[in-house]
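[1] Let's see this in three dimensions:
(chains A and B)
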Amino acid sequence: MRLAIFLLILCIFEYAVAVDQTNFKTCDQSSFCRRCRNVKPDNTKFALVPGTLNIYSDSITADLQHKDNKHLFSLKLEGIEKGDTFRLLIDEKTPLKPRYRVVDSLKEIPKPGSIKVQEGQGELTITSGSNKAVVVADPFRIDFYQNNVLTVSVNAKGLLTFEHLRPKPQELGTDSPDANEVKSSDEITDPGAWEENFKSHHDSKPYGPEAVALDFSFPEAEVLFGIPEHADSFVLKSTSGTDPYRLYNTDVFEYILDSKMALYGSVPVLYGHGPKRTAGVFWQNAAETWVDIYTAEKNVVSSIVNFVSGSSKTDPPAAHFMSESGIIDVFILLGPSPIDVFKQYTELTGSGPLPQMFALAYHQSRWNYNSEDDVEEVSAKFDEYDIPMDTMWLDIEYTDGKRYFTWDKFKFSNPLGMFRNLSKLGRHMVIIIDPHIKRDDQYFFHKDCTERGLYTKTREGKDYEGWCWPGAASYPDFFNPEVRAYYASQYLPSNFKTVTADVMIWNDMNEPSVFNGPEVTMPKDMIHYGNWEHRDVHNLYGHMHVMGTFDGLLGRDPNQRPYILTRSHFAGTQRYASIWTGDNTADWGHLQHSLKMCLSEAVAGFSFCGADVGGFFGNPDAELFARWYQTGAFLPFFRGHAHIDTKRREPWLFPEDTRLIVRDAIRKRYAFLPLWYTMFYEHEMTGEPVMRPLLAHYPQDKEGYNIDYEFLLQDRLLVRPVMDRGASKVNVYFPSTDDKKTGDVWYDINTLKKYTNAGYESLPVDSRTIPVFQRGGTIIPKKERIRRAATLMKNDPYTLVVCLDRAGKAQGTLYIDDEKSYAYRKGEFNYLLFEFENGQLNVNFKSKPNFKTTAWIERVVIAGLDRTPKSATLIVGGVSQDLEVLPHEEGVAIRKPGISVLELFTIRLNF
Amino acid sequence: MYQLAAMKNFSLLLLVLTTSVVLAVADIPRPRGVPLFKASLYAPRSDNSWVCLDGTKTIRYTQLNDDYCDCADGSDEPGTSACVNGQFNCENIGYRAEDLRSSLVNDGVCDCCDGSDEWADGAVHCENTCLELGRIEEEKKRSLADLHERGSAKRAEFIARGKQMRAERETRRKVLEQRRSEQEAVKAEKEELKRNAEAAEAEALELFREQQREKDAAAAEEARSQDDSQTTRYEAEAAFVKYDANKDGFVEITELMVDMTLDRDRNGIVTVEEAKYFLDERDRIDLDSFYVLSWPRIKPIKMLAEGIFKPPMQEGEEPEQNDRSNKEEVPDQETEEESEHEGAYGEEDLYEDEEGEGEADVGVGTVADETHTEPDYDPETKRLIDLANEARNAFSEAEQRVREIDHEIRDIDDHESKDYGPSEAFFALDGECFDYEDREYVYTLCPFERATQKSRHGGPETTLGRYEQWISDGDKKYEKQKYAQGAACWNGPQRSTITEFKCGLENRITSVTEPSRCEYNYIFETPAACDGAATHDTRQRDEL
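    Below you'll find the model as predicted:
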């Protein structure tokens, strides 16, 4: 064991054993959260100033005034291109200094829509498409109508807060008597307004109080969800009596479950959903943010109140966003369907790009694979046990003393040789590059950053110095384009000579994690590019890091799709990287939460999400290990990973039955890779999430709202993993398509057994069972041959699984390209649509096939037929050929159509 | 040579896949991927059908190797990747034939050295490396055999030494047993002498102490008479009246015997002797004499019984050991004494000597007493004490000798119980230690003892495990050893080590790794692991 790591870990444990929650602030310990939370509702001080309205083709502007302190703000309300999104901006009209506006989160400047404005008595109506916003002048509020139905109200609770910048009190001259009145109404007396202490850390707060806050009500909603990342249920819980949900990227050691504590990522998008409508708000602010949730909890007290007041009407669900600094910049997404609103969000922040095929396959990681021999042995063992595996990962120990872009020359003397050997087997490697830079004058990266002034600075203008894996470390200021360019250039083959263009990157610890910093991160009064305080930009730090990495990988090989995994993330990071749920623990609760967390991430733009399979901390027993693989195989990002203190846990180190279960689970993942690949292509194209909550397709099914132990993959698969110890049966919930009990038809993917009833179904399971169901009405492409890596399956033939709906119909797509390059963006792909109707399967191209492949169709499985066909006929270009139809589980299989995926064909069943 | 009818297909690709599915190799025609010895199983039946090898299904002969899996056992696709459970046989002429999983067929990676597994895609070019591999393997085998042969010569030395040592051990053990019984006799004799000397000593001491007590009593009486002789007189009179049950003006032996506080040896009765002691060895005593002679002796005892008086601890007057054992604090005391005592025999004894406890206790008190200031004994008493001490020393020496012999016997038995492999070949390693240095640590292995680690920059040694046993892996019984129960890892398990033995000409550690946290792997080369005969056998088998 290495002493250095030992000491380092010792020092981490010293400040947190199984998350010491006192290391992280409560709302009460955070001055601005305290201040914003204390604002009394229904008494807003803000009103539009008459006569200040300006109307433009896509927007209006007006002045907004605080009635007591008379401070002026400028308000802008924009209609976005399609009319289903509005943007509301509020800033000080003449701030003492500019206030921070988030950059690089949106994929581009949203395209303006066109609006019509109608001025009424004390209110304005702004129409955009079929939607409208009604701005009430005094007391200020805005009501958003989707197709004439009130869907989102802004400031309906009157919690709007906008702390204008001000001189520090002692710097004020002698008060003039008439200023006194204004002053007292404007005073912020909270002791933490001008400086704040937390534990041993001091925050100098040179600019004083500058918080912004606003409430959003969702009259059409029954549940609220979104604002990842929290280890909590998918549906947001009321924060009445608890802390608000917190968004502040932090490296939480051994995080706890069912908690509203902040975690590694922050995506400030929140949705309100009801049977008829779904809407959302995207609060574009990168400062520390807390979100209070008001939901109409049906508890005894509210029932009594309602009974007494004779009203069954409770306040609609609402959210109260509170941020420490910046401006109010919020997008109102009006839906109306769940999928619509998810797309409206990705329209703004972008969707995840289609990854290379290997990235969707199985990843094998551990802190740490210790040497080149170790890596090769593990890779060889996967072959020995016939378990597919595509990517080996190296955690921090591969480096020379945690100096990134270097190698430990003893353990990894010939990395290029190691990559070559992996590549020969079709495998890839991902190595870690963290943002903390070892303060070592002999280390080129540190030298460059020091000499060129690339580090984040202290208030005094010195390089900020913290403590992380390498010991004393500094943090490049990735907000500076020059820093990103320098960092990106380190990936150029001329600089990073010890890796090939196939080696991909893992960005960890980029919250940033600072072991000796306040809340394990950087102090808020550090200074970034443009003289912004870390306070203003904190939640964007990882995002900027990842942008640099993405540029670096593109610069290295412009025609290869970069693959990056990041821990810290913000709205928009999905355009560059996949995420995982960080340092989880080997217990059943964490397995269950991997679903809830990735579901929340998926609706917030991050479809490419997974959890450390097996659990990072601790040692999973065989049962948990197996169940975790079964679950992970159906989550988008599928990687086994473990802490350095845990026992080795490659699948063959478990008893044979466990090893075989794990092998089966991984093989199942590989069989479904054509579907995963197609889904991710469609995700890039449409922005619709890959992994979806039940309500995405069953919006009227209220029972389904709170079910976050199962999920959908597109609308094709329903996944309900076994996530309980010793389970001999599971309750599967088949959602209903209306508010009655009508549901879809579902087929068990193994047996093709048909389920036609909506509602709970208790199904027996054994240790091998992964309850997954294909929806009737869909066609799924698979590859059922086993290969050691996904990259070697490229030319393998397809199996189509056709599951019929009640009308005997089904359809599904298949996307094919070179699985690696950007040629698909130039049209080099095949996009097929299969349709089954009247006993006949047809294929059509959604666009002209333009990618050459030798892949062909091996088998067509059909489930849900009333009668068993005697044979089938393949018709290609007027030529017919008879095909055999064989029994296949509870369906049939058409034997070997043998037709290339580049050909148009029809298969007719003969009864 | 068979030629399967190519199905009429629509894509060029399938044409490629389904022609040339059968190859003529080694004269006997058989479908691709079928090993020679299975060729006969792949002949068509008269109706051009074929039965899957598991007998479960009959298919058309043309379905063999048509790139679609028809048989549950995968037997119909020996030459393609269609069956998940299929097997492809590479002939690998010049090397050795090999069965590949069908997942490796046509995956773009050359797995057979003859390249026969990549036949579908012309773009994949596999070189035939069989001859080269064969040559390399032959060379490896040769050099391995050579190593084993040369190593075996050294191993023979090890074995000889091991056997000799075993024989020596056995002889030595016999000698030791003989000496032990002799020494036991000596010990018994010394014990007898010691007992006698101690009896004499005890008597003398008793006498001495009695005199001492008288002196003390006189001194005490004098002291007391200075300030409260009057009080004492009243107390004495009161006691006299109480004791004088028959009111005859005398206190008699029988009258004292009813007072249980006078039971000095706590045996439950006040004996005549005990009573007489208080009467200054007379049968009865009058008030004046009682006041002068008896009361000074009785009063302290009364006060003691009433808990008023706490005399300084007097040696020799302590209750006997049997009684002591009833008190709670006694076991502790004994343990303390025991470990103190054992410390004198050195570290090895720390783990042993349980049966020696009782004997070892004798005389301890006295020996310990000598460290206190010794009273001023009269010459005769002193002489007897010295004699007793001598006898005690002689006894413990004799005892020590027996213990030493026992220790050596145990040591031999220890070795006897260790498994030194076939023909004691590994014996030579026991008792030796070997070092291995990497960048940060010096690793040490003392085979059959322990594995340790020490930073190169100094600091304490960390135990990575104590020898536990061989780990047998099938017929490979003597390749790996487990060392367990090492120093506990912080927040983790106790360290443990697996040592793998490989044939080498010298004893040395060739690598140390830590595949899992706190679980170490040593590779150790030694002639003891060489097996000339075995490799010779293999070579012969291969040549067949």
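
[2] and the stretch 101-250 of chain B, which residues reach chain A?
    Within the stretch 101-250 of chain B, the positions adjacent to chain A are B:101, B:103, B:104, B:106, B:107, B:108, B:109, B:121 by C-beta under 8 Å from any C-beta of the partner chain. Heads up, the C-betas are built off the backbone N, CA and C, glycines and all.

[3] among these, which two are most distant?
    B:101 and B:121 (18.4 Å; C-beta to C-beta).

[4] is it true that residue B:237 touches residue B:287?
    Yes: when contacts are counted by C-beta atoms under 8 Å, residue B:237 is listed as touching residue B:287 (6.7 Å).

[5] Quick one: name whatever helix or strand follows the longest strand along chain B.
    Ranked by residue count and defined by DSSP state E, the top strand of chain B is strand B:462-473. Counting by DSSP states H and E, the element after strand B:462-473 in chain order, helix or strand, is strand B:476-484.

[6] touching chain A at all, that following strand?
    No: Strand B:476-484 does not reach chain A (C-beta under 8 Å from any C-beta); its nearest approach is 14.7 Å.

[7] Please enumerate residues in contact with that strand?
    B:421-422, B:426, B:447-448, B:450-451, B:464-471, B:473, B:494, B:496-501, B:529 (C-beta atoms under 8 Å, 6 or more residues apart in numbering or on different chains).

[8] Filter those residues down to the buried ones, ChimeraX style.
    Buried members of the contacts of strand B:476-484, defined by 16 or more other C-beta atoms under 10 Å in any protein chain shown, are picked up in ChimeraX with:
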select /B:421,426,447,448,450,451,464,465,466,467,470,496,497,498,499,500,501,529
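
[9] rewinding a little: other residues contacting the longest strand of chain B?
    Against strand B:462-473 from outside (C-beta under 8 Å, 6+ apart): B:419, B:421, B:443, B:447-454, B:477-487, B:495-498, B:520.

[10] Drop anything exposed from the residues you listed.
    The buried subset of the contacts of strand B:462-473 - by 16+ other C-beta under 10 Å - is B:421, B:443, B:447-454, B:478-481, B:483-484, B:486-487, B:495-498, B:520.

[11] ok, so what distance separates the closest residue to residue B:61 other than its chain neighbours from residue B:59?
    Leaving aside its sequence neighbours, residue B:61 sits nearest to residue B:44 (C-beta to C-beta, 6 or more residues apart in numbering or on different chains; 4.1 Å). Residue B:44 is 11 Å from residue B:59, where distance means C-beta to C-beta, to the nearest Å.

[12] which neighbours do these two share?
    By C-beta under 8 Å, 6+ apart, the residues touching both residue B:44 and residue B:59 are residue B:50.

[13] Can you list phi and psi of the residue nearest to residue B:61 for me?
    Backbone torsions for residue B:44, taken as degrees, to the nearest 10, come to phi -70, psi 150.

[14] cool, the one 5 residues further on as well?
    In this entry, residue B:49 is assigned phi and psi values of phi -110, psi 170 (degrees, to the nearest 10).

[15] so is the closest residue to residue A:795 other than its chain neighbours in a helix, a strand, or just coil?
    Leaving aside its chain neighbours, residue A:795 sits nearest to residue A:854 (4.8 Å; criterion: C-beta to C-beta, 6+ apart). Put simply, residue A:854 is coil when judged by DSSP: H, G, I helix; E, B strand; the rest coil.

[16] What is the burial count for residue A:854?
    Using other C-beta atoms under 10 Å in any protein chain shown, residue A:854 has 19 neighbouring residues.

[17] you'd agree it is up against residue A:797?
    No: using C-beta under 8 Å, residue A:854 makes no contact with residue A:797, being 9.2 Å away.

[18] Kindly confirm my reading that residue A:224 is in a strand.
    Yes: looking at residue A:224 with three-state DSSP, it is inside a strand.

[19] What spatial separation is found between the closest residue to it other than its chain neighbours and chain B?
    Of all residues not flanking residue A:224 in the chain, residue A:236 sits nearest, at 4.5 Å (C-beta to C-beta, 6+ apart). Using C-beta to the nearest C-beta, to the nearest Å, residue A:236 is found at 35 Å from chain B.

[20] Kindly state the domain boundaries assigned to chain B.
    B:2-128, B:179-250+B:286-417, B:423-540 (automatic domain parsing).

[21] no no, chain A
    According to automatic domain parsing, the ranges for chain A are A:27-165+A:210-349, A:357-435+A:484-522+A:533-691.

[22] ranges for the strands of the stretch 151-300 of chain B?
    B:251-252, B:284-285 (DSSP state E, counting those that start in this stretch).

[23] The ones you listed: which one's closest to residue A:814?
    Residue A:814 lies closest to strand B:251-252 among these, at 121.7 Å (C-beta to C-beta).

[24] The closest one - contacts with which helices or strands?
    In terms of contacts (3 or more C-beta pairs under 8 Å, 6 or more residues apart in numbering or on different chains; DSSP states H and E), strand B:251-252 is packed against strand B:284-285.

[25] What sits closest to the closest residue to chain A within the stretch 401-544 of chain B if chain neighbours are left out?
    Of all residues in the stretch 401-544 of chain B, the one sitting closest to chain A is residue B:516 (4.2 Å; C-beta to the nearest C-beta). Nearest-residue entry for residue B:516: residue A:648, 4.2 Å, with adjacent residues in sequence omitted and distances by C-beta to C-beta, 6+ apart.

[26] Check residue A:55 too.
    With sequence-adjacent residues excluded and distances taken as C-beta to C-beta, 6+ apart, residue A:55 is closest to residue A:117, at 4.9 Å.

[27] doesn't that neighbour fall inside a strand?
    Yes: assessed by three-state DSSP, residue A:117 belongs to a strand.

[28] Touching, it and residue A:57? I think so.
    No: Residue A:117 is beyond contact range of residue A:57, at 10.2 Å (criterion: C-beta under 8 Å).

[29] Tell me which of those two has more neighbours.
    Neighbour count, other C-beta under 10 Å: between residue A:117 and residue A:57, residue A:117 has more, with 17 against 10.

[30] what sits against that one?
    Counting by C-beta under 8 Å, 6+ apart, residue A:117 makes contact with A:55, A:60, A:124, A:125, A:126, A:127.

[31] and residue A:718, what element?
    strand A:717-719.

[32] In the stretch 251-400 of chain A, what residue comes closest to chain B?
    residue A:386 (6.0 Å).

[33] Tell me the secondary structure of that residue, please.
    Per three-state DSSP, the local secondary structure of residue A:386 is coil.

[34] Next, count neighbours for it.
    Neighbours of residue A:386 (other C-beta under 10 Å): 15.

[35] Go through stretch A:282-297 and flag the buried ones.
    Applying a neighbour-count criterion of 16+ other C-beta under 10 Å, the buried positions in stretch A:282-297 are A:282-296.
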